[in-house]
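*Asks:* Here you go, sequence then predicted model.
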Amino acid sequence: MSTAIGFIGGGNMARCLVGGLIADGIQPGDIRVADPNQQQLDDIRLSFGTHASLSNREVAEKSDIVVLAVKPQNIQAVSAELAPTIARDRPLVISIAAGVRLAHLGKWLGTSTAIVRAMPNTPALVKSGATALVANRHVSTEQRNQAESIMRAVGMTLWLEDESLMDAVTALSGSGPAYFFFVMEALEQAGEQLGLPRETARLLTLQTAFGAAKMALETTTDSHLLRERVTSPGGTTERAVNVLKDNRLEQIFTEALTAARDRSVELANILGNE
Ligand SMILES: NC(=O)c1ccc[n+]([C@@H]2O[C@H](COP(=O)([O-])OP(=O)(O)OC[C@H]3O[C@@H](n4cnc5c(N)ncnc54)[C@H](OP(=O)(O)O)[C@@H]3O)[C@@H](O)[C@H]2O)c1
């Protein structure tokens, strides 16, 4: 028997997951999406051929897996609305809301609800996301596999056993795309200052970032060794890397990630206390 998957919230991330699941072979008829915006629903129905409904409850009632894909500030209200349905039908709930902890979800949905918390990042929108997952103790092995295959539709996945590490994940991969955009912006500007036309600097930067990530992903060699291999003694790369070291690049990233991690803890506390 096929598994019915219901999305509560039909925004960017839900659409992306729906597209990924259908590309992976899930039948559109096994997917339902609920959203308050009729136009958004019509668009989803037209684009993907899934069911679409204005009623969160209807979608939850007909689903074995309920994916909460609303903004974090709407999660508590949506959970309260769905709690009776979820207590009765006991689906697996997957929350992709940033910063909303399992304990708070359990408090709002019912403490024995099987819940997986997922933290994707923005490249999920181009099917190259990095998603960390953590499950509460009510989630079975089969449900873990189901949650993992849903999130794998938009990129790579990995499991955390300790939920408190989600704040470090938020600091690294959640906010990470912005760090790389910042580095790319800086390289483009530096290239321009050395006389390259803007578009040339942009293309060389992007392809170099892509190529470096691809090389690193396709080998088991760690990043340190990869860097050493392309840093010949006395060469150009060594000169540049020495400037980065002298300017404390590693400490700067440690400080940046610590600041992001601490803010993630603060925000999760605020969301849980609402
Ligand atoms: N986008 C990312 O890269 C990313 C990365 C990591 C995590 N996330 C998480 O993914 C979740 C969704 O993000 P998103 O970017 O997809 O947001 P989004 O585009 O704003 O989608 C949220 C959708 O939920 C709808 N909605 C609002 N209230 C609702 C309700 N009571 N019941 C049902 N649907 C409701 C919204 O409709 P209206 O627009 O009409 O209000 C909107 O269509 C967030 O919790 C976010 O933290 C996103």
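*Replies:* Now that the structure is in, tell me what you want to look at. Here the structure is a predicted model, which means the values were calculated and not measured.

*Asks:* Closest residue of this structure to the ligand?
*Replies:* Proximity of the chain to the ligand (C-beta to the nearest ligand atom) peaks at G11, 1.7 Å away. Just so you know, the C-beta spots here come from the backbone N, C-alpha and C atoms, and that holds for glycine as well.

*Asks:* any chance you could map the helices in the chain?
*Replies:* 12-23, 38-48, 56-61, 72-89, 102-109, 141-151, 166-169, 176-193, 198-217, 223-229, 236-246, 249-273 (DSSP state H).

*Asks:* so of those, which one's packed in deepest?
*Replies:* Stretch with highest mean neighbour count among the helices of the chain: helix 166-169 (a mean of 22; mean count of other C-beta atoms under 10 Å).

*Asks:* Show me what that one is packed up against.
*Replies:* strand 115-119, strand 129-135, helix 249-273 (3 or more C-beta pairs under 8 Å, 6 or more residues apart in numbering; DSSP states H and E).

*Asks:* Adjacent strands (with direction) for the second one?
*Replies:* In the sheet, strand 129-135 lines up against strand 115-119 (antiparallel), strand 155-159 (parallel) (DSSP bridges).

*Asks:* What residues sit buried inside the last one?
*Replies:* For strand 155-159, the neighbour count (16 or more other C-beta atoms under 10 Å) marks G155, T157 as buried.

*Asks:* Would it count as contacting the ligand?
*Replies:* No. Counting by C-beta under 6 Å from any ligand atom, the ligand has no neighbours in strand 155-159; the shortest distance is 10.9 Å.

*Asks:* can I get the CA coordinates of that strand in CSV?
*Replies:* Presented in CSV, the C-alpha positions along strand 155-159 are these (Å, rounded to 0.1, in the frame of the first residue of the first chain):
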residue,chain,number,x,y,z
GLY,A,155,19.5,16.9,-1.2
MET,A,156,21.7,15.0,1.3
THR,A,157,20.5,14.0,4.7
LEU,A,158,22.1,13.0,8.0
TRP,A,159,20.8,12.1,11.4
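
*Asks:* Now do it, average pLDDT.
*Replies:* Strand 155-159 shows a mean pLDDT of 97 in the predicted model.

*Asks:* Determine the angle, from 0 to 180 degrees, between it and helix 12-23.
*Replies:* Orientation of strand 155-159 against helix 12-23 (axes from the mean of the first three to the mean of the last three C-alpha atoms, to 10 degrees) gives an angle of 100 degrees.

*Asks:* what angle sits between strand 155-159 and helix 198-217?
*Replies:* 40 degrees.

*Asks:* when you give positions from now on, start the count at 34
*Replies:* Got it, the first residue is 34 from now on, which makes the last one we talked about strand 188-192.

*Asks:* now strand 188-192, how far from the centre of its chain.
*Replies:* Relative to its chain's centre, strand 188-192 lies at 9 Å (C-alpha atoms, centre = their mean, to the nearest Å).

*Asks:* Show residues contacting it.
*Replies:* Here strand 188-192 makes contact (C-beta atoms under 8 Å, 6 or more residues apart in numbering) with 153, 156-157, 160-168, 177, 181, 184.

*Asks:* How about stretch 134-142?
*Replies:* Outside stretch 134-142, the residues that reach it (C-beta under 8 Å, 6+ apart) are 108-109, 112-113, 115-116, 119, 126, 128, 146, 148, 150, 167, 169, 196, 199, 301, 304-305.

*Asks:* Quick check: which of those are also close to the ligand?
*Replies:* Of these, not one also sits near the ligand (C-beta under 6 Å from any ligand atom).

*Asks:* Can I get the helices and strands packed on helix 199-202 in JSON lines including mean pLDDT and distance to E232?
*Replies:* Shown next, in JSON lines, are the helices and strands packed on helix 199-202 (pLDDT from 0 to 100; distance: least, C-beta to C-beta, whole Å):
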{"stretch": "strand 148-152", "mean pLDDT": "97", "distance to E232": "35"}
{"stretch": "strand 162-168", "mean pLDDT": "97", "distance to E232": "28"}
{"stretch": "helix 282-306", "mean pLDDT": "94", "distance to E232": "27"}
